[in-house]
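Student: Quick one, fold the following:
(one chain, ligands or ions: 2)
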Amino acid sequence: MLALRKTQPAPGLVLTDVPEPSPAPGEVLVAVEAAGICGTDVHIADWTAGYESMTAGMPVTIGHEFAGRIAALGEGALGVSVGQLVTVRPSTVCGRCAACTAGDPDACTGRRGIGIGRDGAFTRLVRVPALNCVAVPPSLDPELAAMTEPLSVSLHAVDLAQVRAGQRVLVLGPGPIGLGIAMFAAAAGAEVVLAGHGDTTRLAVARMLGPILALDLAGTDLPTTLAAHGQDEPFHAVIEAAGVTSAVQDGLLRLRKGGTFVVAGIHARPAPIDLTRLVRMEQTIHGAYRAPIADWSRVLAFMARHAETVRCMITHRLPLKDALAGIELSHKREAGKVILLP
Ligand SMILES: [Zn+2]
Ligand SMILES: [Zn+2]
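Tutor: Ligands and ions are numbered 1, 2, ... in the order given. Just a heads-up that it's a prediction; the model follows:
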């Protein structure tokens, strides 16, 4: 079967034939119906800093945002049935570390990511632990279900920013995670400003996701653009999902006293921060990475209520054979979410 793989610790991905997998005990085989391309996949393709730990697992099929039907059950796989539509939590736990044996898998120190440390979903069949499968409500189709993982990251970032109705929230970066953050913050009743840099397509998508003021900073800068739109007041929360180091200090300067700055972007280098100003302003910086398990059902319930709104985020649907073109679309930031249909 065709698979999009990372084969060496250098830039590039390879579309190649691999044997069909069979599920180990406790695992199931999922026939992938939709798989989203993530910023992480673009980073893996470019081989930017921060992904070196993948080397041990290479060659590895990438793709960690997906939904599909259970095609086969391994020995002792519980809680799922053949033919069921599921989406899959990509982070697998070891079952052996102190946190796992204490019943706190969220804190597992031996995690391996499906599509990062073990074979993922940019192919037709993927084996995953049965425990990682999350049932999809009947009203949702595979392409929406495949968005559960990135949207759980967005929702988690909004939770950490403690966004409430009536607050002003600035979101930096209109990639799929930033779009989800803007959508959830607007749904929570916040006044949302989303800023991008030459991201025409993505900013247009943002305007379909709710009452979001989507601003393009191309040829100008954040303070000038905010002032031009009457947005001089500082924000209760600033959420960064751009992975652009300069956006961190820019964003902090727009945050009000006592406000929360959430970093959800992956940064290739350290960011300079004016800590004395942070101290005097009594601000909080919070990292947001992986959502707790409970957020998955909240995202699925939200999508069931707002299916057609969420679907606006999907700008491209491509067959697996065009996966490299999909990676390139995401790379050039010309797409909202790109979905591969294996
Ligand atoms: Zn992702
Ligand atoms: Zn563990």
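Student: Please make it C-alpha for all contacts and neighbour counts, starting now.
Tutor: Will do.
Student: I'd like the domain boundaries of this structure, if you could list them.
Tutor: Listed by automatic domain parsing, the domain ranges of the chain are 2-147+313-341, 151-287.
Student: Correct me if wrong: residue 235 contacts residue 256.
Tutor: Yes. Under the criterion of C-alpha atoms under 8 Å, residue 235 makes contact with residue 256 at 5.5 Å.
Student: Between those two, which is the more surrounded one?
Tutor: Each of residue 235 and residue 256 has its neighbours counted (other C-alpha atoms under 10 Å); residue 235 has more, 24 against 19.
Student: List the contacts of the more buried one.
Tutor: Contacts of residue 235 were listed using C-alpha atoms under 8 Å, 6 or more residues apart in numbering, and they are 167-170, 254-256, 259.
Student: Mind checking which of those are in strands?
Tutor: 168-170, 255-256, 259 (DSSP state E).
Student: could I get the residues you listed as TSV with pLDDT?
Tutor: Below are the ones in strands among the contacts of residue 235 laid out as TSV (pLDDT from 0 to 100):
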residue	pLDDT
168	98
169	98
170	98
255	97
256	97
259	97
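Student: and which of the contacts of residue 235 is nearest to residue 42?
Tutor: Top of the list for closeness to residue 42, among the contacts of residue 235 and by C-alpha to C-alpha, is residue 170 at 24.8 Å.
Student: quick one: contacts for that closest one?
Tutor: Residue 170 makes contacts with 192-195, 235, 237-239, as judged by C-alpha under 8 Å, 6+ apart.
Student: closest to ligand 2 among those residues?
Tutor: Comparing those against ligand 2 with C-alpha to the ion places residue 239 closest, at 29.7 Å.
Student: The closest one falls within a strand, correct?
Tutor: Yes. Counting by DSSP: H, G, I helix; E, B strand; the rest coil, residue 239 is located in a strand.
Student: and it, how many residues sit next to it?
Tutor: Per other C-alpha under 10 Å, the neighbour tally for residue 239 reads 32.
Student: if I pick it, what's in contact with it?
Tutor: Per C-alpha under 8 Å, 6+ apart, neighbours of residue 239: 157-158, 161, 169-172, 181, 261-264.
Student: From these, which land in strands?
Tutor: 169-172, 261-263.
Student: hang on, the earlier thing: can the contacts of residue 170 go into JSON lines with extra columns for pLDDT and distance to ligand 2?
Tutor: Listed next are the contacts of residue 170 as JSON lines, based on pLDDT from 0 to 100; distance: C-alpha to the ion, whole Å:
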{"residue": "192", "pLDDT": "98", "distance to ligand 2": "38"}
{"residue": "193", "pLDDT": "98", "distance to ligand 2": "39"}
{"residue": "194", "pLDDT": "98", "distance to ligand 2": "37"}
{"residue": "195", "pLDDT": "97", "distance to ligand 2": "38"}
{"residue": "235", "pLDDT": "98", "distance to ligand 2": "38"}
{"residue": "237", "pLDDT": "98", "distance to ligand 2": "33"}
{"residue": "238", "pLDDT": "98", "distance to ligand 2": "33"}
{"residue": "239", "pLDDT": "98", "distance to ligand 2": "30"}
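Student: All set, thanks.
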